[in-house]
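Participant: Dropping the sequence and predicted coords here.
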Amino acid sequence: MGPLLKNGKGLILAYDQGIEHGPSKDFNEKNIDPSYIVDIAERGGFTGLVFQKGIAENYYRGKVPLILKLNGRTSLPGGEPISRQVCSVKQAVDLGAKAVGYTIYAGSTYEHEMLAEFGRIQEEAHRVGLPVLAWVYPRGAAVKDDTSREIVSYAARIGLEAGADAVKIKYTGDKESFAWAVKAAGKAKVFMSGGPKAPTDEGFLTQVRGVMEAGATGIAVGRNMWQNQDPFKMAFELRKIIFNE
Amino acid sequence: MGPLLKNGKGLILAYDQGIEHGPSKDFNEKNIDPSYIVDIAERGGFTGLVFQKGIAENYYRGKVPLILKLNGRTSLPGGEPISRQVCSVKQAVDLGAKAVGYTIYAGSTYEHEMLAEFGRIQEEAHRVGLPVLAWVYPRGAAVKDDTSREIVSYAARIGLEAGADAVKIKYTGDKESFAWAVKAAGKAKVFMSGGPKAPTDEGFLTQVRGVMEAGATGIAVGRNMWQNQDPFKMAFELRKIIFNE
Amino acid sequence: MGPLLKNGKGLILAYDQGIEHGPSKDFNEKNIDPSYIVDIAERGGFTGLVFQKGIAENYYRGKVPLILKLNGRTSLPGGEPISRQVCSVKQAVDLGAKAVGYTIYAGSTYEHEMLAEFGRIQEEAHRVGLPVLAWVYPRGAAVKDDTSREIVSYAARIGLEAGADAVKIKYTGDKESFAWAVKAAGKAKVFMSGGPKAPTDEGFLTQVRGVMEAGATGIAVGRNMWQNQDPFKMAFELRKIIFNE
Amino acid sequence: MGPLLKNGKGLILAYDQGIEHGPSKDFNEKNIDPSYIVDIAERGGFTGLVFQKGIAENYYRGKVPLILKLNGRTSLPGGEPISRQVCSVKQAVDLGAKAVGYTIYAGSTYEHEMLAEFGRIQEEAHRVGLPVLAWVYPRGAAVKDDTSREIVSYAARIGLEAGADAVKIKYTGDKESFAWAVKAAGKAKVFMSGGPKAPTDEGFLTQVRGVMEAGATGIAVGRNMWQNQDPFKMAFELRKIIFNE
Amino acid sequence: MGPLLKNGKGLILAYDQGIEHGPSKDFNEKNIDPSYIVDIAERGGFTGLVFQKGIAENYYRGKVPLILKLNGRTSLPGGEPISRQVCSVKQAVDLGAKAVGYTIYAGSTYEHEMLAEFGRIQEEAHRVGLPVLAWVYPRGAAVKDDTSREIVSYAARIGLEAGADAVKIKYTGDKESFAWAVKAAGKAKVFMSGGPKAPTDEGFLTQVRGVMEAGATGIAVGRNMWQNQDPFKMAFELRKIIFNE
């Protein structure tokens, strides 16, 4: 994870919402353009940038370490969630990736397919020296509350056991319970998933402070950054909290 | 996409309706013959011609760049739509293809199988230097209105994120909303799917003007061409709009 | 298709009913023996003989060109029909096959699996120079009338688009509608599937005359031959019609 | 099949009931031990011995030709029956097998998966010179009477068509109908499946006489041997009938 | 199994509960840390230690023989249980494993997928000289009582037949019935699965005495060890019983 961290901490810019949620739900005339996101990542001091391969092929400029997301789905189908590999580790390397990411919908009736696919990717990535980030999102009819202490810590532990170098999980809502999730992740680094745009900047920053005090390595933020009126100011505030700058 | 464009724009002739819809639905005594289609493509100034491998093996004459459609299905089965790969990238190359095409039924409960298969094809095609066109058609029980601004722009974005060089999508009905879809597609070129024969030629041409003004690269037209009484006149009109000839 | 034709026409003896229908339904003490079938094929002037690999391994004598049937199923399971590959192209070649055959149940909810498998077989067979015959039988809950003009011509077209060198389809009942199916098949050669034993020989021969006048290449006949009291007389009559002998 | 026959006939000892039925259903303190079975096979003059790979690895002593059973299932799951490959042909060879066996549940909604898997195994086994025995058991909701003349002869024919060198089928209950099944099997050798322990030894021997008079090659017996009070006497009686000793 | 035994007996520490049950169900502030588990294994005189690959990569120190668990699932999804391979045999070897483990949910409607996958793993592991441990847990709607004599002995036998070198099964509750399971396992070594923390230490030790007197090779214990107030005292007591120290 070295190249993706600064002083052992990380600030990652996520931008796979185009396929995961669709442009009309999350984008405006500005942030629909991946070049704008690359600008934010570069000028905002981010230590990692998450793209699907199509965005990487067309827009990546090589300055901020690329985390290539290897699976993806749309929000359109009903039923139990499943997201399958759409990009190989080899292609990620060719596109300049410094790490790969993969979403596991734990609790889905398709969970076993994703755990097995993640297992193959983890092995292949480690053989070529790439760190692996697991987005672990418990979801499906069997999962009732995906931000509870129990479920979030379970997500964190799945990442560790499955061999992820880092795990991206939701916030539990308070520092104490999130610290338990960080403990569950052990040596796997924990990144909080930013989630939807918070009502106020200060509210979001308070949350990030709690996350870092709970022992997390950093955050992976998307909408709270590129939906923000002044993303560079927000990035500045986040760097202060995360890197103690 | 170079070989498939003229001045950066494209006019593609689609002819996979034989398997997708069946001959009795779309064909007459004339256009049931693929040779007639090749004639239209050649004399009509088309920059691309879409065939399944069986048609290509038997009728393709090498003048208009071939776009080999790599998956296909019939309209017969009920249930959620799925279309699987029926031709390899290697076979497409051997048949003289200058590009490959693949349909993704986003929103289907089989969406993940098509996204994963498209991902493998995209990688293989790019390794041998072939552009990839994605027909992205949101469909299935979960998709209510497949020509809405939201759904069409989502389709366009899926193409970009999945690494398509071009995306073929339906028309939204007006220029403004289609421009949003073009924006969502980013650097992926947008082709409007011609759809069923329009009631009048002028109506269709007006639609095409809207599409081009919205920033599209061109159109992929089938029934509005080879079901037309005078396809060469229609091709002439389309070239005027698309290539500014 | 050269080795399987005489003057451009073909008379094929089909004998995969043992697995498709079971011996008690179609066989008697005589025709249950594959050697009897080989006799008919050799002395009856057939241009092709269809066997599953087990029959070919044990009974094929090399005189009449062998068409190895690569997939098969029994009539026992309920539900949507699916027939999967049970013999490789390589093994077919080793058994002396001059062509391979494969059944596609278009309209089945498993259609996509068969189209995809057929696609792989077609590519492999063509690479080693073997022609491919597609048995295209629309079937499953979604298919109402599998001898209608619309459905039979659709079947024929699927064969052409999928890259079959020849397609075996049911008779529509009249010459005019069958001619539309032949047209839909384009350069793919059309063989009528003989079907169950016709009530009278003359009735069957009249049907065959209609088929040939509609432009078909020939017929693939089984029960109407080896359930016939005098198969050699029937073969003689068929050769007159098909080869103009 | 040479090494598995004596004067063209065969007496096979089957012992895969441990996984197929479970030890508490079929075994006692004596026959639960595979060494006891090997003793019976060796001293009872058997021409073949059926084991799963785990039993073969630990107990096989090389005297009686080994038939390695390549698939297996337990009796625990409900629903349509499916049994998948658990041992490769290569591993069977390494364990000293002189033949391989595979169960096909014809009529199951999973039939196509087993027919396809059997097809691959048959090819691979024949390439390395191993004969293949098919256990063909019509089963599943669609199969009403699995010992009827129609169903048993269908099972026999499936074995022949699929390329089995020998087929193991149930007894129909009378010699005449079983002779029809033997005829359906053609050049594939027929072994009657012994089934559950018969009420009396004489009853079982009468059945075996009928089977052999019907033209079978032999029997594959398990419970009627190793659940017998005096298996060596039973083996002696069977050899008299089968080998005419 | 040599390296995993001492005087032919074994005491295995299991720690895959993090993924199988989740941290909040089984862990406290101490045992959530895999380093603590490694301490117990090393100082407690264990002859084997079970980890998922992620734990092994980050915490394994090489002293106690590593048993790498090759499949895993979470407790979150409903429906029939399935656990798929998440780590290759090759990767296990690279991580220093001296054996591999795999769970088979016999009785699940997915049983066939796990039996087939186990079969491939067993072959590959034996080729590189690694012993294979099978966790055989009958489970799913069709399994009523998974600690009955009948079901536990069935589980043991599945392990033997499938080629496992050792099988991990639940306790039946009494020595006599467990002895039947040990007999069913034949030359496959039997380890009792420790299960949830027993109400009293003495109760657990009594159970272990029964297991060993029934002929088992040892136990695989997790929660009864690392949830124990004094795991080293418990380990001392277990060693006395198992190794006769």
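Facilitator: Thanks, I have the structure now. The model shown is predicted, which means the values in this text are computed figures rather than measured ones.
Participant: Can you name the secondary structure element that comes next after the top helix by length along chain A?
Facilitator: The longest helix of chain A (DSSP state H) is helix A:111-127. Once helix A:111-127 ends, the next helix or strand along the chain (criterion: DSSP states H and E) is strand A:132-136.
Participant: Could you pull out the buried residues of stretch A:138-152?
Facilitator: For stretch A:138-152, the neighbour count (16 or more other CB atoms under 10 Å in any protein chain shown) marks A:138-140, A:142-143, A:146, A:148-152 as buried. In this view, the C-beta of every residue, glycine as well, is placed from N, C-alpha and C.
Participant: near chain B, anything from it?
Facilitator: No - under the criterion of CB under 8 Å from any CB of the partner chain, chain B is not reached by stretch A:138-152; the shortest gap measures 13.8 Å.
Participant: That stretch: how far from the chain's middle?
Facilitator: 18 Å (CA atoms, centre = their mean, to the nearest Å).
Participant: Next one: the residue lying closest to A:Lys69 once chain neighbours are set aside relative to E:Gly8, how far apart?
Facilitator: Closest residue in space to A:Lys69, ignoring its immediate chain neighbours: A:Gly101 at 4.6 Å, by CB to CB, 6 or more residues apart in numbering or on different chains. Note on A:Gly101: its distance to E:Gly8, by CB to CB, to the nearest Å, is 47 Å.
Participant: Of those two, which one has the most company?
Facilitator: Per other CB atoms under 10 Å in any protein chain shown, whichever of A:Gly101 and E:Gly8 has more neighbours is A:Gly101, with 29 against 11.
Participant: which residues does that one contact?
Facilitator: Residues in contact with A:Gly101 (CB atoms under 8 Å, 6 or more residues apart in numbering or on different chains) are A:50, A:67-70, A:132-135, A:168.
Participant: try 10 Å
Facilitator: For A:Gly101, the contact set (CB atoms under 10 Å, 6 or more residues apart in numbering or on different chains) comprises A:12, A:14, A:16, A:48, A:50-52, A:67-72, A:92, A:121, A:131-135, A:164, A:166, A:168, A:220.
Participant: Next: A:Ala156.
Facilitator: Contact analysis of A:Ala156 by CB under 10 Å, 6+ apart lists A:134, A:136, A:164, A:167-169, A:178, A:180-186, A:188, A:190, A:216, E:18, E:23.
Participant: Tell me where chain A has strands.
Facilitator: With strands called from DSSP state E, chain A shows them at A:10-14, A:48-51, A:66-69, A:71-72, A:84-85, A:97-104, A:132-136, A:166-169, A:189-193, A:218-221.
Participant: ok, and the closest non-adjacent residue to A:Thr47?
Facilitator: Spatially, and ignoring its direct neighbours in sequence, A:Thr47 is nearest to A:Gly10 (4.8 Å; CB to CB, 6+ apart).
Participant: Ignore what I typed, I meant A:Leu66.
Facilitator: Using CB to CB, 6+ apart and skipping residues adjacent in sequence, the residue nearest A:Leu66 is A:Ala97, 4.7 Å away.
Participant: okay, now the one you found: neighbour count?
Facilitator: By other CB under 10 Å, neighbour count at A:Ala97 equals 25.
Participant: again with A:Lys6
Facilitator: Residues near A:Lys6, counting by other CB under 10 Å, number 16.
Participant: surely it meets A:Phe243?
Facilitator: Yes - assessed by CB atoms under 10 Å, A:Lys6 is found in contact with A:Phe243 at 5.7 Å.
Participant: Which neighbours do these two have in common?
Facilitator: Listed as contacting both A:Lys6 and A:Phe243 by CB under 10 Å, 6+ apart are A:45, A:47, A:218.
Participant: and the second one, how far is that from A:Ile241?
Facilitator: Spelled out, it's A:Thr47. As judged by CB to CB, A:Thr47 and A:Ile241 stand 14 Å apart.
Participant: Buried subset of the contacts of A:Gly101, written for ChimeraX?
Facilitator: The command below creates a ChimeraX selection of those among those that count as buried (16+ other CB under 10 Å):
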select /A:12,14,16,48,50,51,52,67,68,69,70,71,72,92,121,131,132,133,134,135,164,166,168,220
